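Enquirer: I would like to see how this sequence folds:
(chains A, B, C and D)
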There are 2 protein chains.
Amino acid sequence: MIDKDEYRRKIVISAGRIFSRYGFRKTTMDEIAKALKMGKSSVYYYYESKEDIFEAVVLYEANILRNELTTAIKSVDSPLGKMKNYVFVRMRAFEKLSNYYNAIFDKNLDHFHFIEKIREKYDREELAILRLILYHGVRQKVFHVENTEYTAMAIQTTLKGLEVPLFWKKKEVDITNRLNAILDVLFYGIVIKN
Amino acid sequence: MIDKDEYRRKIVISAGRIFSRYGFRKTTMDEIAKALKMGKSSVYYYYESKEDIFEAVVLYEANILRNELTTAIKSVDSPLGKMKNYVFVRMRAFEKLSNYYNAIFDKNLDHFHFIEKIREKYDREELAILRLILYHGVRQKVFHVENTEYTAMAIQTTLKGLEVPLFWKKKEVDITNRLNAILDVLFYGIVIKN
DNA sequence: AGAATTTTCGACCGGTTTGTTCGACAAAAT
DNA sequence: ATTTTGTCGAACAAACCGGTCGAAAATTCT
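Expert: Numbering: from 1, shown residues only, chains lettered A, B, ... in the order given. Take a look at the predicted model:
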């Protein structure tokens, strides 16, 4: 008896690579199968449909993102460093995921309820993390904020603003520079002036 | 009367972007047309077929590559620098073009005669450039080679070897490192020891 | 061993997509 | 006014694609 879960994991990883390259529509079941050296029908033994695989992939990637983000903020001590790392890792990740975006908002967008669910959940999680970073910053007298809740939401809004160009397929050239600029503005509006 | 050639150029550039992203098969005429804000049928007024557009794109890209390569070797004086620049630019370009590769060798590979033609022509041109670089190096007593002709061919073979992973879709991680290593080997086998 | 179950896969189906054509139509040129 | 140039919607045949089914392998169980 072959470990079914192990195989399902393999499929998710392999399919994820293809989805991220070509998007949902342009990825065919045949490709997914071929990449695994399987017959197309065999894949259906592990997943019920193409959308099922896609859902699993998004879930999987979301988990990876969560891990990357938490390790990113753990890897430094200073609140400034934490915030900087968080923003950078998040941005890099979304850049990588931009193909999913285009895939989802191609058509059939009503079919992908689960995306909204994941998004909602992650918005909440993100808010909590941002608030934590802010809170620590305030404690260490590095940040000055009236209300961590609202400030966290403001920062989150800014970060979401960075996603917009990914939607509209417009290639932002100097995303790193823009990020640094945003961080500068953010910090100098937040950091206590001595 | 609209400038037909100008329009054809626009089509080639726009279609080129899409081809390089999705490959030949996964790129649709509708996409090409939409990207130009045209009706699908209008595109056929300028080009006879999808393959025709593809051919024009490849030709166009090949020309760009040629220019990049010549300016790359002109931008430095030393034969070592020329060689280094040449190899780097060539490698970066082919990395970018790897999608075309996968597109072409998907299926129907018998349909794309013109690719072989271009390839042959460029092999000859490349050989000439390499020989020139070597020749200058020998003149300036920086290189030591018995026979520029054969040495140039040897170097070309090495460079082609670097292309192979692009064929097989295997992502080579540290292509820059490998390149540097190859250049090291190449130079230390060539440079006159003092 | 053979029976039972799990896993693979080729062949197929129906709906959709897609490259290409065609004729109608508008704009511009003659 | 008539011809030429350019655009486009509609239509079509062919290929494609997600998904099904049943029958072979392969594996496990008895």
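Enquirer: in chain A, which spans are strands?
Expert: Taking DSSP state E, chain A contains no strands at all.
Enquirer: low-confidence ranges, it, go.
Expert: Along chain A, the model assigns pLDDT under 70 to residues A:1-2, A:99, A:101-110, A:165-175, A:189-194.
Enquirer: ok, the nearest residue to residue A:57 once chain neighbours are set aside to residue A:46 distance?
Expert: Excluding the flanking residues, the one nearest residue A:57 by C-beta to C-beta, 6 or more residues apart in numbering or on different chains is residue A:16, at 4.3 Å. The C-beta positions use only the backbone N, C-alpha and C, and glycine is treated the same way. Applying C-beta to C-beta, to the nearest Å, the value for residue A:16 to residue A:46 is 14 Å.
Enquirer: isn't residue A:142 right up against residue A:79?
Expert: Yes - if you go by C-beta atoms under 8 Å, residue A:142 and residue A:79 touch, sitting 5.0 Å apart.
Enquirer: which ones are touching residue A:53?
Expert: Residues near residue A:53 by C-beta atoms under 8 Å, 6 or more residues apart in numbering or on different chains: A:11-12, A:15, A:32, A:43, A:47.
Enquirer: tell me the contacts of residue A:156?
Expert: Contacts of residue A:156 (C-beta under 8 Å, 6+ apart): A:123, A:126-127, A:130.
Enquirer: name the member of those with the most neighbours.
Expert: residue A:130 (24 neighbours; other C-beta atoms under 10 Å in any protein chain shown).
Enquirer: all helices of chain A, in order?
Expert: Taking DSSP state H to define them, one finds helices in chain A at A:4-26, A:29-35, A:40-46, A:50-74, A:79-104, A:113-139, A:148-167, A:175-188.
Enquirer: tell me which of these sits nearest to DNA strand C.
Expert: Among the helices of chain A, the nearest to DNA strand C by C-beta to the nearest atom of the strand is helix A:40-46 (2.7 Å).
Enquirer: residues of the closest one that come out buried?
Expert: A:43, A:46 (16 or more other C-beta atoms under 10 Å in any protein chain shown).
Enquirer: and stretch A:85-98, by the same measure?
Expert: A:85-87, A:89-94, A:97-98.
Enquirer: reformat those residues as a markdown table; add distance to DNA strand C.
Expert: Below are the buried residues of stretch A:85-98 laid out as a markdown table (distance: C-beta to the nearest atom of the strand, whole Å):
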| residue | distance to DNA strand C |
| --- | --- |
| A:85 | 40 |
| A:86 | 39 |
| A:87 | 37 |
| A:89 | 35 |
| A:90 | 33 |
| A:91 | 31 |
| A:92 | 30 |
| A:93 | 29 |
| A:94 | 26 |
| A:97 | 22 |
| A:98 | 20 |
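Enquirer: number of nearby residues for residue A:153?
Expert: 15.
Enquirer: pretty sure it sits against residue A:124.
Expert: No - taking contacts as C-beta under 8 Å, residue A:153 lies outside contact range of residue A:124: 11.2 Å.
Enquirer: keeping just the C-alphas, turn stretch A:129-141 into PDB.
Expert: Provided in PDB are the C-alpha atoms of stretch A:129-141 (Å, rounded to 0.1, in the frame of the first residue of the first chain):
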ATOM      1  CA  ILE A 129       1.500  40.000  13.700                       C
ATOM      2  CA  LEU A 130       1.700  43.700  12.800                       C
ATOM      3  CA  ARG A 131       0.100  44.600  16.100                       C
ATOM      4  CA  LEU A 132       2.600  42.400  17.900                       C
ATOM      5  CA  ILE A 133       5.600  44.100  16.100                       C
ATOM      6  CA  LEU A 134       4.200  47.500  16.900                       C
ATOM      7  CA  TYR A 135       3.500  46.500  20.500                       C
ATOM      8  CA  HIS A 136       7.100  45.400  21.000                       C
ATOM      9  CA  GLY A 137       8.300  48.500  19.400                       C
ATOM     10  CA  VAL A 138       6.300  50.600  21.700                       C
ATOM     11  CA  ARG A 139       7.500  48.700  24.700                       C
ATOM     12  CA  GLN A 140      11.100  49.200  23.700                       C
ATOM     13  CA  LYS A 141      10.400  52.800  23.100                       C
END
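Enquirer: can you give me the offset of that stretch from its chain's centre?
Expert: Relative to the centre of its chain, stretch A:129-141 is centred 22 Å away, using C-alpha atoms, centre = their mean, to the nearest Å.
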